[in-house]
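Asks: Sequence and predicted structure are below.
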Amino acid sequence: MLPQKSNFAAEPPVSPIDMIPTLSCPLLGLFGEEDPNPSPAQAARMQEELDKHGKTYAFRMYRHAGHAFFADYRPSYRAAAAQDMWHRVLVFYDQYLKA
């Protein structure tokens with residue numbers, strides 16, 4: 001029997017915060033304050049690093065929202081936050097991806 005090929009990369013994964021120094025594109029972060037991953041503290045730490053390295057970004061933290069607050073098929077859905085989030089996504093795309 002042949003050994004199965006692993007789906008894992010040879011190198012361990014890199015934390016997003018460790019990628020900030022080499023980030024070469026604008027970053028959009030839309031978070032729920034009740035989300036444990038990333039937590040509000042982790043999002044704030046990421047924002048500090050982005051500022052430290054002079055990166056372009058837009059962040060928004062939604063009150064009373066948890067993970068996947070924009071998924072209308074889940075109990076975590078928050079309509080007002082989801083509508084605002086989608087608006088921000090489209091504005092961000094228009095600003096940074098428009099040809």
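Replies: Nice, thanks for sending it over. As the structure is a prediction and not an experimental result, all values here were calculated from the model.
Asks: Show me where the chain dips below the pLDDT cut-off.
Replies: 1-9, 99 (pLDDT under 70).
Asks: dump the residue contacts of F69.
Replies: By CB atoms under 8 Å, 6 or more residues apart in numbering, the residues touching F69 are 32, 35, 62, 76-78, 81-82, 85. (C-beta placed from N, C-alpha, C; glycine too.)
Asks: could you redo the last one with a cut-off of 10 Å?
Replies: Residues in contact with F69 (CB atoms under 10 Å, 6 or more residues apart in numbering) are 30-35, 62, 76-82, 85.
Asks: Show me those residues that map onto strands.
Replies: 30-32, 62 (DSSP state E).
Asks: Taking these together, which two end up most distant?
Replies: Comparing every pair within the ones in strands among the contacts of F69 by CB to CB identifies L30 and G32 as the most remote, at 8.3 Å.
Asks: quick one: which of the ones in strands among the contacts of F69 is most hemmed in?
Replies: G32 (24 neighbours; other CB atoms under 10 Å).
Asks: what's near enough to touch that one?
Replies: 38-40, 43, 61-70, 76, 78, 81, 85.
Asks: could you flag which of the residues you listed are buried?
Replies: 38, 43, 62, 65-66, 68-70, 76, 78, 81, 85 (16 or more other CB atoms under 10 Å).
Asks: Which of the residues you listed sits closest to T56?
Replies: A43 (16.6 Å).
Asks: Q47 belongs to a helix, doesn't it?
Replies: Yes. Counting by DSSP: H, G, I helix; E, B strand; the rest coil, Q47 is part of a helix.
Asks: That one touches Y57, doesn't it?
Replies: Yes. Between Q47 and Y57 a contact is recorded at 7.4 Å, counting by CB atoms under 10 Å.
Asks: what do these two both touch?
Replies: In contact with both Q47 and Y57: 27, 29, using CB under 10 Å, 6+ apart.
Asks: Just confirm P38 is within a helix.
Replies: No. Counting by three-state DSSP, P38 is not found in a helix; it is coil.
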